[in-house]
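Q: next input, structure requested:
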Amino acid sequence: MADAFVSFAVQKLGDFLIQQVSLLTNLRDEVTWLRNELLFIQSFLRDAELKQSSDQRVQQWVFEINSIANDAVAILETYSFEAGKRASPLKACVCIYRKEKKFYNVAEEIQSLKQRIMDISRKRETYGITNINSTNSREGPSNQVATLRRTTSYVDDQDYIFVGFQDVVQTLLAQLLKAEPRRSVLSIYGMGGLGKTTLARNLYTSPDILNSFPTRAWICVSQEYNTMDLLRNIIKSVQGRTKETLDLLERMTERDIEIYLRDLLKDRKFLVVVDDVWQREAWESLKRAFPDGKNGSKVIITTRKEDVAERADDKGFVHKLRFLTQEESWDLFRRKLLDVRSMVPKMESLAKDMVEKCRGLPLAIVVLSGLLSHKKGLNEWKMVKDHLWKNIKEDKFIEISNILSLSYNDLSTALKQCFLYFGIFPEDQLVGADNIIRLWMAEGFIPRGEERMEDVAEGFLNELIRRSLVQVAYTFWERVTHCRVHDLLHDLAIQKALEVNFFGVYDPRSHSISSLCIRHAIHSEGERYLSLDLSNLKLRSILFFDPDFLKMSLINFRSVFQHLYVLCLHMRFENMPIIPDAIGSLYHLKLLRLDGIRDVPSSIGNLKNLQTLVVNEGRYFCKLPRETADLINLRHLVARNSKPLVGISKLTSLQVVKGICCDQWKDVDPVDLVNLRELSMDVIKKSYSLNNISSLNNLSTLKLSWDGSESFPSLEFVNCCEKLEKLFLYGRIEKLPHLFSNSITMMLLKNSVLTEDPMPILGMLPNLRNLELEEAYEGKEIMCSDNSFSQLEFLILYHLSKLERWHLGTSAMPLIKGLGIYECPNLKEIPKRMKDMELLKRNIYL
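A: Below you'll find the predicted structure:
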């Protein structure tokens, strides 16, 4: 995959030489030399990628090549930006050589790259990296990208981790549902990788638990925890993430929050999961907030420590999670294998030997299965076995760290970078799929080609999921929305990242961070981090996960941060942080994420390379300046802007717009937004027309939310959206249009309050596969006639409080696979054909 990055850099350098015809001779020679050297190095990359799994130095060499290729492209982009601001490119070049302060010193940067390339060439000879014929190598980069792009078919944790654990689930369910008045604790303990969290999640989402515990919450403690944040998260789970709740919590002290939570829970029957507890002190600091209302409330604790589990509650129930049996292990391995049919008898014998040596540890088994799924034939499976057998110690078992490392080493360079990036996030943090995909793009991990970078990046994420290196947390209609990595894999990502100086995490205890890393993550004490001497670093990415960080003025944007590609600032809205104008000097910036701010300075209009702008992720309104319309390369705009955004039509590269208010859209001429694929619009009023949406020729996803009690304006325009696949309508609809676009495959209607049965209209959609109706219909019956819903696979009916009867024609819904019916108390009976359908669970994250 490194080949793809270098190919792109070589192409950009060639294009640059053609476009910038006025380059001074010396500068042209430098760019030509750079291009030729990268072209030469490219011929050695395939051999390097084959050798890097067994030689850490070669792996570092490949990573450095990627970095040089990305830096070369960044230099050209910045030069083009500076030259474009002048009437004459020749004048810009002269100014660069005079080293005027307003200009980027491209010649000096290219000299630095030259030095790095010469060092790379010396190392190549030392490490014995040769030029091998491409026909003898593994699958080429272009084919790999195409392969990774294919739709993922992954297995949910809850389908495969609990092979053989059904009895455990029933035992623990019985304990949770036991009629005992006192608030008690159920503790689950065992080594990492046994499936403690997944077991707890299975219990937490069980229908019996949903019916028995009206109030539920889940928090993850981890090794580094903040009691206030944990208590806040419980309150948000119980009370919802409304603006009023969030504002109230920001003003409270820890003691106030503890008292508030006790009062909130005291009259409720609750279940709280406290996941991944490492110290007894963590539980002691939390348990005072859980009142004993003598109503049978429960707490589930998961931990690796036996003493934590045993001492959490003197009268509680403690369960030690066992290892899988040999038979269960083999069953799990086969379930996770992508193509069981291709496993010939000799391969099966090899696999059974390896699975047996996993000693019943589920994480080891699924990662091994994911690794072998990507190996072709008996010989490659033998190579995996031989590698693992070399590391087997006297206990005759494979250490899980060896399996995880081998699976990591089997990744291409691009996938290695994508996996390592998960280590930047705090442990146990849910990671939004869109968020990680945009970060990968900004970092330059996604090679550019004929396919959209977003699609290729999503394929990379799906590949990591297929290999069981990343876990699916939430999905919504065939697409992963949130994911996570297991603690052991998070540790692996940090370990491997440190080996190649991929990123560093600031350690406030030692007040230090690696000066060799070009990416820094700050999880706490951000102001202390900025007191470090960062002046000699060329930092590429800074991610602040410290919500208490306030003093933006401490950031030296113009010197220390001037090379940044990625800047993420996660802050508290109530602290009212102010973003200084100097942020507009970060010419390289491709991703800017600002959480917790009100105003964005006008200087961001200078960030011509910006691909992604995320402000508050839809939680709070902000004010975007008019200059936002100058961000000519912007692909993703996610912000709830509180004033009209003039000139959005100029942003022809836009792929995604989320959070825009309807009154900001009504005057937009969308004809030039030829690349817009996803549009999410809020605060829609009945008086506004949405007809211009039909001019978005490539729109595939549309989400519309109403304003208060008003109903939507006419929705007839939807029939003209020829490529629309996913439609989400949140709000009152007076009458459904009789015609929808035939391209629609997924639809969600929420709070629609329809008085006429929607099924006769929706049933005629020829490609509809997923349908969810949530508080969408106030009638007493629905009618699904013969031959309707010909492609429907999944149906969810939620909170249809007046629904009594469901008539289903014998030939209706012939392909239905899953059904979910929730809070439909008056529905007397579901059709007989639907009684054995797989029960669908509603997703929390959309």
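Q: domain parsing of the protein, as residue ranges.
A: 2-138, 140-154+324-502, 165-320, 503-643, 660-744, 745-846 (automatic domain parsing).
Q: state the mean pLDDT of the strand or helix carrying residue 237.
A: Assigned by DSSP states H and E, residue 237 falls within helix 227-239. If you average the pLDDT over helix 227-239, you get 85.
Q: i'd like the first residue to be 40 from this point on
A: Sure, I'll start numbering at 40, so the last one becomes helix 266-278.
Q: mind naming the longest helix for this protein?
A: Across the chain, the longest stretch assigned as helix under DSSP state H is helix 95-123.
Q: elements contacting that helix?
A: helix 41-58, helix 64-81, helix 84-90, helix 128-136, helix 145-166, helix 452-459, helix 526-538 (3 or more CB pairs under 8 Å, 6 or more residues apart in numbering; DSSP states H and E). For glycine as for every other residue, the C-beta is placed from the backbone atoms N, C-alpha and C.
Q: mind redoing it with 6 Å?
A: helix 41-58, helix 84-90, helix 128-136, helix 145-166 (3 or more CB pairs under 6 Å, 6 or more residues apart in numbering; DSSP states H and E).
Q: does residue 402 count as helix, strand or coil?
A: Classification of residue 402 using DSSP: H, G, I helix; E, B strand; the rest coil returns helix.
Q: what is the least confident helix or strand in the protein?
A: helix 180-188 (a mean of 42; mean pLDDT, DSSP states H and E).
Q: tell me which residues touch residue 410, please.
A: Residues near residue 410 by CB atoms under 6 Å, 6 or more residues apart in numbering: 446, 449.
Q: and what of residue 767?
A: Under the criterion of CB under 6 Å, 6+ apart, the contact list for residue 767 reads 742, 787.
Q: could you check how far it is from residue 725?
A: Look at residue 767 and residue 725: by CB to CB, to the nearest Å, they are 18 Å apart.
Q: avg pLDDT for stretch 763-773?
A: Stretch 763-773 shows a mean pLDDT of 92.
Q: grab the most central residue of the protein for me.
A: Centroid-nearest residue in the chain: residue 472, 2.2 Å away (criterion: CA atoms, centre = their mean).
Q: CA atoms only: put the helix or strand following the helix holding residue 276 into CSV for me.
A: Next helix or strand after helix 266-278 toward the C-terminus (DSSP H and E): helix 282-290. Extracted in CSV, the C-alpha atoms of helix 282-290 (Å, rounded to 0.1, in the frame of the first residue of the first chain):
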residue,chain,number,x,y,z
LYS,A,282,-28.9,21.2,26.5
GLU,A,283,-30.4,21.9,29.9
THR,A,284,-28.9,18.8,31.4
LEU,A,285,-25.5,19.5,29.9
ASP,A,286,-25.5,23.1,31.0
LEU,A,287,-26.4,22.1,34.6
LEU,A,288,-23.7,19.4,34.8
GLU,A,289,-21.0,21.8,33.7
ARG,A,290,-21.8,24.1,36.7
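Q: what angle separates helix 282-290 from helix 266-278?
A: Calculated by axes from the mean of the first three to the mean of the last three CA atoms, to 10 degrees, helix 282-290 forms an angle of 160 degrees with helix 266-278.
Q: is residue 725 in contact with residue 747, as I believe?
A: No. At 10.5 Å, residue 725 does not count as touching residue 747 under the criterion of CB atoms under 6 Å.
Q: if you count surrounding residues, which of those two has more?
A: residue 725 (14 against 8; other CB atoms under 10 Å).
Q: how close does the nearest residue to that one once chain neighbours are set aside sit to residue 701?
A: Among residues not flanking residue 725 along the chain, residue 749 sits closest, at 4.8 Å (CB to CB, 6 or more residues apart in numbering). As judged by CB to CB, residue 749 and residue 701 stand 11 Å apart.
Q: so for stretch 427-445, what's the average pLDDT?
A: 81.
Q: try stretch 679-695
A: Rounded mean pLDDT across stretch 679-695 is 82.
Q: can you list the buried residues in that stretch?
A: 679-680, 683-684, 687, 690, 692-695 (16 or more other CB atoms under 10 Å).
Q: check the offset of that stretch from the chain's centre.
A: 24 Å (CA atoms, centre = their mean, to the nearest Å).
Q: what about residue 528, how many residues nearby?
A: Counted with other CB under 10 Å, residue 528 comes out at 25.
Q: and the nearest residue to residue 113 once chain neighbours are set aside, what is it in contact with?
A: Sequence neighbours aside, residue 627 is the residue nearest to residue 113 in space, at 5.3 Å (criterion: CB to CB, 6+ apart). Going by CB under 6 Å, 6+ apart, residue 627 touches 113, 602, 604.
Q: mind giving me the PyMOL command for buried ones among those?
A: What follows is the PyMOL syntax selecting those of the contacts of residue 627 that are buried according to 16+ other CB under 10 Å:
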select buried, resi 113+602+604
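Q: below-threshold pLDDT in the stretch 40-189 of the chain: ranges please.
A: Scanning the stretch 40-189 of the chain for pLDDT under 70 picks out the ranges 40-44, 46-47, 51, 57-64, 85, 88-93, 116-117, 119-144, 170-189.
Q: 80 - rerun?
A: Residues of the stretch 40-189 of the chain that meet the criterion pLDDT under 80 lie in 40-67, 80-99, 101-102, 105-106, 108-149, 163-189.
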